[in-house]
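Enquirer: build me a structure from this.
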Amino acid sequence: MKRAIIATLMLGYCCSASVYAQSISIPSTVDSAMAYSPLAQQSANSEPFASWLQPLMNQFNQLPEVKALQAKASQTQLLIQAADKVPFNDFIESLEAHDHEEAEAEHSEALTLSAAQRELAGIEVVKLAEQSFSLEAVATATLVVDRNRTVTLAPQLEVRVLKRHVVPGQEVAQGQAILTLGGAAVAQAQADYINAAAQWSRIKRMSSSAVSASRRLQAQVDAELKRATLEAIKMTAAQINALESNPETIGSYQLLAPISGRVQQDVAMLGQVFVGGTALMQLTDESHLWVEAQVTPTQAEKVNVGSEALVRVGQHSIEAKIIGRSHELNSVTRTEQILVAFENPGHVLHAGQFAEIYLSDNAKGGAVLPDAALTRGGDGDWQVFVEDGDGFEAVEVEVVERQRGMNLVRGLAPNAKVVISGAFFLASEQAKAGFDIHNH
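Expert: Numbering: from 1, shown residues only. Next up, the predicted model:
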């Protein structure tokens, strides 16, 4: 740049001198030429070239732009001298460490969302463990109720529905009234128990010399039999004991919930009479569900009771445990049934929904995530968002395998809290904030 400016000044000087030379032959224009050309005046006075060039260069060197270039040149020279004094590898490592520190400082920020924003964006976070599943070993399945947490209400005597206290799908607590039942058979069973209990109470107060052992035993057995009949129609111990002191209440009783759960398969109608053993309704604790899956004989060879499995229902992916297998093939489908159990907090999933089960494969390792958990970073690499104490940060991952909307990825720490729903919203907020976080 300095050379260009000097060349421009020299060109201006020469041009002005030639104009002055032409003006000598035309005296009438000399005054005007001298008036309009300061450089021509300097030539006319025959001043030496160096007398005006040196002051001009001094003014040029005082310009801010020139001083900035000189400072940068000096700094570069100092860096070169410092590099010459240290081994090459140490110098490169120091530069890399400096770049790494700058990158960490640049990406130290994390996305933070309020509770309202999380709900609006549909943010869902799961805690992952290191898994070894195969996206190719997939079996179709159906969600069913956990039979260990399900009760069918089926009185063993003929009953008539006198009153309803719940509606289908209602969540009830243990001991809550569900139905009021009655009828002739119920009244007869309650009356028989009151008489048998009274007889047994009288005989057991008598001495052994007043009543034979066989008579005593017969009275006791008869009372217990009549009590068992009332228990078969789902009367509680408290209700049975209260019946002895209040015989005027015979003919009806309240059917109470034996467990906390949701009312399902409700067929009880007011006034309807049901024969003994008919299921009136079902109570299910939906906090735990089972999965029934049909696997091929080849897949069944890799199934071990107690091993892990991955259940996918729509956009939900849940870690589960295999609890049993039938060890026999269906004669039509030639498949074997396996049972898988998993927790269902919030009762998000329900019995009857279709699902897919991914079986474990020790030859492969990584975390299985749905497509909704993956986004592209600023450099085009795959990334997921991980929640920590500061907020949500993006971490680059390696996608090993993709099948049916699921991805086997590596690069995540065990027990990391990964966003599996709402990642697109976080990626948009990340781009809006003007930073791109990576796990470099």
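
Enquirer: which stretches of the stretch 201-350 of the chain form strands?
Expert: 252-256, 261-264, 273-274, 281-284, 288-295, 308-313, 316-329, 336-343 (DSSP state E, counting those that start in this stretch).

Enquirer: and the ones you listed as a markdown table, adding mean pLDDT?
Expert: Supplementary listing: the strands of the stretch 201-350 of the chain in a markdown table, determined by pLDDT from 0 to 100:
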| stretch | mean pLDDT |
| --- | --- |
| strand 252-256 | 96 |
| strand 261-264 | 95 |
| strand 273-274 | 96 |
| strand 281-284 | 96 |
| strand 288-295 | 94 |
| strand 308-313 | 87 |
| strand 316-329 | 90 |
| strand 336-343 | 94 |
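
Enquirer: closest one to residue 200 among those?
Expert: Residue 200 lies closest to strand 252-256 among the strands of the stretch 201-350 of the chain, at 21.3 Å (C-beta to C-beta). Every C-beta, even on glycine, is put in place using the N, C-alpha and C of the backbone.

Enquirer: outside of that closest one itself, list whatever touches it.
Expert: Taking contacts as C-beta atoms under 8 Å, 6 or more residues apart in numbering, the residues outside strand 252-256 that touch it are 153, 155, 162, 165, 175-182, 186, 190, 233-236, 239, 280.

Enquirer: one more time with 7 Å, if that's ok
Expert: Judged by C-beta atoms under 7 Å, 6 or more residues apart in numbering, the contacts made with strand 252-256 from elsewhere in the structure are 153, 162, 175-182, 186, 234-236, 239.

Enquirer: likewise stretch 341-361?
Expert: Contacts made with stretch 341-361 from outside it, assessed by C-beta under 7 Å, 6+ apart, are listed as 132-135, 137-146, 286-291, 293, 299, 302-303, 307-313, 316, 318-321, 323, 340, 368.

Enquirer: that older thread, so can I have CSV of the strands of the stretch 201-350 of the chain showing distance to residue 67 and mean neighbour count?
Expert: CSV is the format used below for the strands of the stretch 201-350 of the chain (distance: least, C-beta to C-beta, whole Å; neighbours: other C-beta atoms under 10 Å):
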stretch, distance to residue 67, mean neighbour count
strand 252-256, 93, 20
strand 261-264, 80, 20
strand 273-274, 101, 16
strand 281-284, 82, 22
strand 288-295, 76, 22
strand 308-313, 66, 21
strand 316-329, 63, 16
strand 336-343, 71, 20
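
Enquirer: JSON lines for these, including distance to residue 392?
Expert: Compiled in JSON lines, these are given as follows (distance: least, C-beta to C-beta, whole Å):
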{"stretch": "strand 252-256", "distance to residue 392": "47"}
{"stretch": "strand 261-264", "distance to residue 392": "34"}
{"stretch": "strand 273-274", "distance to residue 392": "55"}
{"stretch": "strand 281-284", "distance to residue 392": "36"}
{"stretch": "strand 288-295", "distance to residue 392": "30"}
{"stretch": "strand 308-313", "distance to residue 392": "23"}
{"stretch": "strand 316-329", "distance to residue 392": "19"}
{"stretch": "strand 336-343", "distance to residue 392": "25"}
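
Enquirer: to residue 57, which of these lies closest?
Expert: strand 316-329 (74.3 Å).

Enquirer: what strands line up against the closest one, and which way round?
Expert: Strand 316-329 pairs in its sheet with strand 308-313 (antiparallel), strand 336-343 (antiparallel), by DSSP bridges.

Enquirer: quick one, it and strand 288-295 angle?
Expert: Relative orientation of strand 316-329 with respect to strand 288-295: 50 degrees, computed using axes from the mean of the first three to the mean of the last three C-alpha atoms, to 10 degrees.

Enquirer: numbering from 493 from now on, please.
Expert: I'll keep to 493 as the first residue from here, and by that count the last item is strand 808-821.

Enquirer: who touches strand 808-821?
Expert: Contacts to strand 808-821, defined as C-beta under 7 Å, 6+ apart, come from residues 783, 789, 792, 795-803, 827-834, 840-841, 860, 862, 912.

Enquirer: pull the CA atoms of that strand into CSV?
Expert: Provided in CSV are the C-alpha atoms of strand 808-821 (Å, rounded to 0.1, in the frame of the first residue of the first chain):
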residue,chain,number,x,y,z
HIS,A,808,-41.8,-43.9,23.3
SER,A,809,-38.8,-46.1,24.0
ILE,A,810,-38.7,-47.9,27.3
GLU,A,811,-36.1,-50.2,28.8
ALA,A,812,-37.6,-53.5,30.0
LYS,A,813,-36.7,-56.9,31.3
ILE,A,814,-37.6,-60.3,30.0
ILE,A,815,-39.5,-62.2,32.7
GLY,A,816,-40.5,-65.4,30.9
ARG,A,817,-40.9,-67.5,27.8
SER,A,818,-43.3,-70.2,26.8
HIS,A,819,-40.7,-72.8,25.5
GLU,A,820,-43.3,-74.0,22.9
LEU,A,821,-44.1,-72.9,19.3
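
Enquirer: so how far is it off the chain centroid?
Expert: Averaging C-alpha coordinates over strand 808-821 and over its chain gives two centres that are 22 Å apart (C-alpha atoms, centre = their mean, to the nearest Å).
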